[in-house]
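# the following block contains a protein sequence and its predicted model.
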Amino acid sequence: MPETPAPNDPAVATAVVEEEEDQLALEQRLYEESLKVLDEGQVLVGVIVAKYQDELLVDIGGKSEGILPSASFRSSSSRKNSASAINSK
């Protein structure tokens, strides 16, 4: 049976520190990715999560959903079908 390292073993302490640093680096990267800067006029892909009167609640994967007026979408039947398909997912 392999020997269990002692709690005060420097190799164990080093492994714990490296694991904590890896976790911190991962959390930092995920945080930075969540701060994406959006440019005016940029087209994004999102999911329509709710519709109320003439507004749509859209999730683009950010911190919170956004509200868009229904009129901001094209009125072609293909666009309406796409919005309905997305909403049903």
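Noted; the coordinates are in hand.
# so after the helix or strand containing residue 17, what's the next helix or strand?
Using DSSP states H and E, residue 17 sits in helix 10-34. Proceeding N to C from helix 10-34, the next assigned helix or strand is strand 47-52, under DSSP H and E.
# the helix holding residue 17 - contacts with which helices or strands?
Using 3 or more C-beta pairs under 8 Å, 6 or more residues apart in numbering; DSSP states H and E as the contact test, no helix or strand touches helix 10-34. Quick note: C-beta positions are derived from backbone N, CA and C, even for glycine.
# what residues of it count as buried?
Across helix 10-34, burial judged by 16 or more other C-beta atoms under 10 Å covers no residue at all.
# kindly report the same for stretch 42-54.
Buried-residue list, stretch 42-54, by 16+ other C-beta under 10 Å: 46, 48.
# regarding it, how distant is the last residue from the first?
Start-to-end span of stretch 42-54 (C-alpha to C-alpha, to the nearest Å) is 22 Å.
# what do you get for stretch 52-70?
9 Å.
# one more: stretch 38-52?
Stretch 38-52 end-to-end distance (C-alpha to C-alpha) = 25 Å.
# so, low pLDDT: which residues of the protein?
1-13, 74-89 (pLDDT under 70).
# again, only this time at 50
78-79, 81, 84-89 (pLDDT under 50).
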